[in-house]
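S.K.: Sequence first, predicted coordinates after that:
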Amino acid sequence: MRGLRYRTGLDARTGQPLRGWPHVVQSLETIWSTRLGKRVMRLGFGSELFSRLGEDITPALALQLYTDLTVAAHTWEPEYRITSMQLVNLTSAGALGLRHSGTYYPEGRFGIYDHPQSVEAAIPLMLLRSSEGASA
């Protein structure tokens, strides 16, 4: 029996090595913070998140955000499938965040969906906004 081949990389903020689920979380932050049409040779990479955040958040807008972010994640992140997502207050000052959970497949990039793991994460949307310029 062979060991799992976890994807590895570097943390964009600290330069420290990332492996496994933390690498996927960083990948999602990059996907969601990149506006569509901003990556040369990958014009379809990214999401519509920031084109929608200037509007009042209504149930219809929240549903559209969930749809946009789920489609972007499922298109560009083969190791993760979202099962739930919600907008949440992450601080007492009311900073908006995104909590999501789903199934992480360590070897999904190879088309191998054995060894599923239930995972969840919460990302402050301001964190995504601050990294927006760096991902263009």
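M.R.: Yes, it's here. Here the structure is a predicted model, which is why all the values come from computation and not from measurement.
S.K.: Next one: the residue nearest the centre of the chain relative to P17, how far apart?
M.R.: Centroid-nearest residue in the chain: L28, 2.2 Å away (criterion: C-alpha atoms, centre = their mean). Distance of L28 to P17, given as C-beta to C-beta, to the nearest Å: 18 Å. All C-beta atoms are positioned from the backbone trio N, CA, C, and that covers glycine.
S.K.: same check, this time on L43
M.R.: 30 Å.
S.K.: Can you pull out the low-pLDDT segments for this structure?
M.R.: Within the chain, the stretches with pLDDT under 70 are 1, 90-92, 94, 127-136.
S.K.: mind redoing it with 80?
M.R.: The model of the chain has pLDDT under 80 over residues 1-2, 53-57, 89-96, 125-136.
S.K.: would you put the C-alpha positions of stretch 46-66 in PDB?
M.R.: What follows is stretch 46-66, C-alpha atoms only, in PDB (Å, rounded to 0.1, in the frame of the first residue of the first chain):
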ATOM      1  CA  GLY A  46     -11.300  33.300 -10.400                       C
ATOM      2  CA  SER A  47     -14.700  34.300  -9.200                       C
ATOM      3  CA  GLU A  48     -17.300  37.100  -9.300                       C
ATOM      4  CA  LEU A  49     -17.100  37.700  -5.600                       C
ATOM      5  CA  PHE A  50     -15.900  41.300  -5.600                       C
ATOM      6  CA  SER A  51     -18.200  42.400  -8.400                       C
ATOM      7  CA  ARG A  52     -21.100  41.500  -6.100                       C
ATOM      8  CA  LEU A  53     -19.900  42.700  -2.700                       C
ATOM      9  CA  GLY A  54     -20.900  46.400  -3.200                       C
ATOM     10  CA  GLU A  55     -24.500  45.500  -3.200                       C
ATOM     11  CA  ASP A  56     -26.900  45.000  -0.200                       C
ATOM     12  CA  ILE A  57     -26.800  41.400   0.800                       C
ATOM     13  CA  THR A  58     -30.200  39.900   0.200                       C
ATOM     14  CA  PRO A  59     -31.200  36.300   0.100                       C
ATOM     15  CA  ALA A  60     -31.000  36.300  -3.700                       C
ATOM     16  CA  LEU A  61     -27.500  37.900  -3.600                       C
ATOM     17  CA  ALA A  62     -26.300  35.400  -1.000                       C
ATOM     18  CA  LEU A  63     -27.600  32.500  -3.200                       C
ATOM     19  CA  GLN A  64     -25.700  34.000  -6.200                       C
ATOM     20  CA  LEU A  65     -22.500  34.400  -4.100                       C
ATOM     21  CA  TYR A  66     -22.800  30.700  -3.000                       C
END
